[in-house]
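Asker: Next comes the sequence, and after it the predicted model I'd like to discuss.
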Amino acid sequence: QVQLVESGGGLMQAGGFLRISCAASGRTFTSYAMGWFRQAPGKEREFVSAISWSGGSTYYADSVKGRFTISRDNAKNMVYLQMNSQKPEDTAVYYCAARATTGSSYDNWGQGTQVTDSS
């Protein structure tokens, strides 16, 4: 298994930007594709973005496409989510997750980091 710890959440302003991070430890980081999910109050957890083990492929939910950028640094065992042009509806707890390259589901989750609209 891999252990995941998110950081960087906080208050955001509409139109502003924020970067959240996820530190991974344990198993070989490059054995995992990584994803970001979020859960807003009263809503189901939803997919935000994902990145392949090499970083060569990225995927985004339509709601964040063009505004958010996922990246990873395999030398540092880190994955990032750069959030630009933020909207009030981006308020949520953001979770980092890992999916083994040989698996079909995200089996490793962080504890989440809160991103809140300050308006």
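Answerer: Received, thanks.
Asker: Okay, now stretch 106-119: how far is its last residue from its first?
Answerer: Across stretch 106-119, the terminal residues are separated by 33 Å (C-alpha to C-alpha, to the nearest Å).
Asker: same deal with stretch 21-31?
Answerer: Stretch 21-31 has an end-to-end distance of 19 Å (criterion: C-alpha to C-alpha).
Asker: How far off centre is that stretch?
Answerer: 13 Å (C-alpha atoms, centre = their mean, to the nearest Å).
Asker: which non-adjacent residue is nearest residue 34?
Answerer: residue 79 (4.4 Å; C-beta to C-beta, 6 or more residues apart in numbering). For glycine as for every other residue, the C-beta is placed from the backbone atoms N, C-alpha and C.
Asker: Run the chain-centre distance for whichever helix or strand that neighbour is part of.
Answerer: Using DSSP states H and E, residue 79 sits within strand 78-83. Relative to its parent chain, strand 78-83 has a centroid offset of 6 Å by C-alpha atoms, centre = their mean.
Asker: any idea how far the residue nearest to residue 15 when sequence neighbours are not counted lies from residue 8?
Answerer: Ranked by C-beta to C-beta, 6+ apart and with sequence neighbours excluded, the top spatial neighbour of residue 15 is residue 85, at 6.1 Å. Distance of residue 85 to residue 8, given as C-beta to C-beta, to the nearest Å: 17 Å.
Asker: what does residue 40 give?
Answerer: Distance of residue 40 to residue 8, given as C-beta to C-beta: 18 Å.
Asker: May I ask which helix or strand of this structure has the lowest mean pLDDT?
Answerer: Using mean pLDDT, DSSP states H and E, the weakest-scoring helix or strand in the chain turns out to be strand 10-12, at a mean of 91.
Asker: Which strands and helices lie in contact with that one?
Answerer: Under the contact criterion of 3 or more C-beta pairs under 8 Å, 6 or more residues apart in numbering; DSSP states H and E, strand 10-12 touches strand 113-117.
Asker: tell me how far the strand it packs on is from the chain's mean position?
Answerer: For strand 113-117, the distance to the chain centre is 13 Å (C-alpha atoms, centre = their mean).
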